[in-house]
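Student: Please work out how this folds:
(2 chains)
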Number of protein chains: 2
Amino acid sequence: MPELRKDPIIGRWVIIATERAKRPDQFQNLSHDAPQEKPCPFCEGKESETPPEIYAVRTRDGRPNGPGWEVRVVPSITPFLRIEGDLDRTGRGLYDMMNGLGAHEIIIETNKHIPNIADLENEQIARVITCYINRLLDLEKDTRFKYVLVFKNHGWIAGGGRVKHSRSQLIATPVNPKRVKEELVGARHYHELHERCIFCDLIQQEIAQEERIILDIDGFLAVVPFASRFPFEVWILPKKHNCDFTSLLEPERRELAKILKSVLLKLKIGLNDPPYNYIIHTAPFKRPKSGYWKTVDEDFHWHIEITPRLTRVAGFEWGTGFYICPLPPEHAAKFLREVKID
Amino acid sequence: MPELRKDPIIGRWVIIATERAKRPDQFQNLSHDAPQEKPCPFCEGKESETPPEIYAVRTRDGRPNGPGWEVRVVPSITPFLRIEGDLDRTGRGLYDMMNGLGAHEIIIETNKHIPNIADLENEQIARVITCYINRLLDLEKDTRFKYVLVFKNHGWIAGGGRVKHSRSQLIATPVNPKRVKEELVGARHYHELHERCIFCDLIQQEIAQEERIILDIDGFLAVVPFASRFPFEVWILPKKHNCDFTSLLEPERRELAKILKSVLLKLKIGLNDPPYNYIIHTAPFKRPKSGYWKTVDEDFHWHIEITPRLTRVAGFEWGTGFYICPLPPEHAAKFLREVKID
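Tutor: Modelled structure (predicted):
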């Protein structure tokens, strides 16, 4: 069983791999170059090469674990966390730990061998979003979990694997991740002072200042954040207050698909298909024990953070949480605004 | 002038490069492979190829900016922060910013073309430590600064440059970096509850448990932290309580040099010269405005964090602050204990 361990000084949880741990000597000759591509187990017709599916969207005839799907969700074959068991939270002196309980799923975004979600049709991206939502709603029922993180690693440097087939991942965790907690606490603190959502205020200011906006389509805004950590970092936010990504209605999912595709296409075309990650930050599950559920409806505002991986992050950033961004956000926004995508 | 910008939600400061900013299109074809090595401006005899020195240790005859030095400190030719000017802290709506005021210095650790500090003599590493201390004491006099971060980037993936000559860097900042603040707050909170230093307690527990200790030499301990973020992460801590790295006496500097060299040699030999970073975490300058100076003497415990860069850090880690470490710390410690260095 993997372990969750807590740093006693700053309270950060870390997943420590055990069964799937590498041997120490396997780190000796590690290369950071992208290795050769592997045969794809994610294309339609290869269903037997993955573990049995957890969920699938089918618009054509077809049986589970056979062809005919549009989006398909399977368990990770190398899960960071394990779905079976109890938490068994224990302490030993200063140290807190619990079993590495959780879910780790792969969301296969297309039945064709297309590497970048930016190249899928709007309608297909909307199906992927619906799939994220349905998986979140399903995992919410498991009371062992406090949070589900939906994220994408595109390209080798961004943690993408050796198979170039567009997919995202989700990890359900029994603790609220540190960065999410910080946002919840910061947003709650602002709400206590102003009785307003900080993200709503931020959206108003961005619309007024204009200079960091990339796209303003329907109900969504794509902006380069004022204090960007990375060049060409982009946040996508719903303009109307909403803490909960899973509450998106069908028309909103299509609008989100459109702006997500547009931003990712601008990155692909403007920056020569860079490696990138995106992460959905939504409110944690509303559970009395989460400590955040009371006011999260008014405080928090779900959003997607997209971070191209164009710089090496060095010792200074790791050791301090203090990032150096070599490109002013306003320049990045202007550049991305001007990239033509059709 | 570079800018310091604050994330309004979680309060993280970011340095935004301006003059030395790249153009957006310079990010289009970025490679993560190590580029060709550049001619070295840091060797003895090449003093005219760097900006004039800020400080040097000379044990032989020699004039400033000429040969005869053992350790030499020069300003960075591509500084992230600028030394001249005022902070001009301003706000615009939600957003806080100030001038990117600070110091960015390069500490050249040897007059010979040696890439890894692990290969220097103990005595020379002790001189480097003395040089760190003297620069910290000098920069403390500048009341515009709150913190000085001393760090090293070894190897291309860890942010090392195209010149393979052993050196470290320091950055003096007008704000306390987020990660350092978190440690200070966490340590203070523990002290309020227990009236003991959390690091001292951690050292006691590590000595009792033994399984994560790599070296226990004289006054210092090298351990793999219980909740390691990275495989083979190592912390070096003084066994006796001390918040202030600059207070080290001459014999302690020699002891620290010895354990630092031993750990870095074990990494080099055991893991085939991996890229790594190290960072010194010491107490912030004792200034009434820092907010931490009152109790920091009792709360905090200076230490060095060494992080080999053997894994790709992916979207999950960036978006959550929740790390996945593919090697149990106890296995890493055992492996490093067994690496022979002489």
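
Student: and the residue located most distally from the centre of chain A, what does it touch?
Tutor: Distance to the chain centre peaks in chain A at A:Gly93, reaching 34.3 Å (criterion: Cα atoms, centre = their mean). The contact partners of A:Gly93, taken as Cβ atoms under 8 Å, 6 or more residues apart in numbering or on different chains, are B:Asp201, B:Gln205, B:Gln209. Glycine gets a C-beta too; all of them are placed from N, C-alpha and C.

Student: what does the stretch 151-300 of chain A put close to chain B?
Tutor: A:151-153, A:156-159, A:169, A:171, A:173, A:177-180, A:182-183, A:186-187, A:190, A:198-199, A:201-202, A:205, A:209, A:225-229, A:231-232, A:270-272, A:274, A:277-279, A:281 (Cβ under 8 Å from any Cβ of the partner chain).

Student: one more time with 6 Å, if that's ok
Tutor: Contact residues, the stretch 151-300 of chain A versus chain B (Cβ under 6 Å from any Cβ of the partner chain): A:151, A:153, A:157, A:159, A:177-179, A:182-183, A:186, A:198, A:201-202, A:205, A:226-227, A:229, A:231, A:271-272, A:277, A:279.

Student: Next: the stretch 1-150 of chain A.
Tutor: For the stretch 1-150 of chain A, the contact set with chain B under Cβ under 6 Å from any Cβ comprises A:5-7, A:9-10, A:13-17, A:21-22, A:24, A:27-30, A:32, A:80, A:93-95, A:149.

Student: buried stuff in the helix or strand hosting A:Arg179?
Tutor: In the assignment (DSSP states H and E), A:Arg179 maps to helix A:178-194. Of all the residues in helix A:178-194, those buried under the rule 16 or more other Cβ atoms under 10 Å in any protein chain shown are A:178-188, A:190-191.

Student: try stretch A:45-52
Tutor: Per 16+ other Cβ under 10 Å, stretch A:45-52 contains these buried residues: A:Glu47, A:Thr50.

Student: The stretch 51-200 of chain A: strands as residue ranges?
Tutor: In the stretch 51-200 of chain A, the strands defined using DSSP state E, counting those that start in this stretch lie at A:55-58, A:69-75, A:90-92, A:95-99, A:103-108, A:147-154, A:167-173.

Student: quick one, which of the ones you listed is nearest to B:Phe335?
Tutor: Closest to B:Phe335 of the strands of the stretch 51-200 of chain A, according to Cβ to Cβ: strand A:95-99, at 20.8 Å.

Student: buried residues in that closest one?
Tutor: Neighbour-count burial for strand A:95-99 [16+ other Cβ under 10 Å]: A:Tyr95, A:Asp96, A:Met97, A:Met98, A:Asn99.

Student: is it true that the fourth one touches A:Leu4?
Tutor: Yes. When contacts are counted by Cβ atoms under 6 Å, A:Met98 is listed as touching A:Leu4 (4.9 Å).

Student: How about the secondary structure of A:Leu221?
Tutor: In three-state terms, and counting by DSSP: H, G, I helix; E, B strand; the rest coil, A:Leu221 is strand.

Student: Who does it form a beta bridge with?
Tutor: Under DSSP bridges, the beta-bridge partners of A:Leu221 are A:Asp216, A:Leu237.

Student: tilt between the lengthiest helix in chain A and strand A:147-154?
Tutor: Among the elements of chain A assigned as helix by DSSP state H, the one spanning the most residues is helix A:250-271. If you take axes from the mean of the first three to the mean of the last three Cα atoms, to 10 degrees, helix A:250-271 sits at 40 degrees to strand A:147-154.

Student: quick one: buried residues of helix A:250-271?
Tutor: A:252-268, A:270-271.

Student: re earlier: out of the contacts of A:Gly93, who's nearest chain A?
Tutor: Chain A lies nearest to B:Gln205 out of those, by Cβ to the nearest Cβ, at 4.5 Å.

Student: contact partners of stretch A:70-78?
Tutor: By Cβ atoms under 6 Å, 6 or more residues apart in numbering or on different chains, the list of residues contacting stretch A:70-78 from outside reads A:20, A:50-51, A:53-57, A:59, A:104-108, A:127-128, A:131.

Student: Now list the buried members of these.
Tutor: By 16+ other Cβ under 10 Å, these give A:Thr50, A:Glu53, A:Tyr55, A:Ala56, A:His104, A:Glu105, A:Ile106, A:Ile107, A:Ile108, A:Arg127, A:Val128, A:Cys131 as buried.

Student: Double-check the fourth one against A:Gly68; I have them as touching.
Tutor: No. A:Ala56 lies out of contact with A:Gly68 (Cβ under 6 Å); the separation is 8.7 Å.

Student: what are the phi and psi angles of the spatially closest residue to A:Phe300 that is not a sequence neighbour?
Tutor: Nearest non-adjacent residue to A:Phe300, counting by Cβ to Cβ, 6 or more residues apart in numbering or on different chains: A:Cys243, 4.2 Å away. For A:Cys243, the backbone dihedrals are phi -90, psi -20 (criterion: degrees, to the nearest 10).
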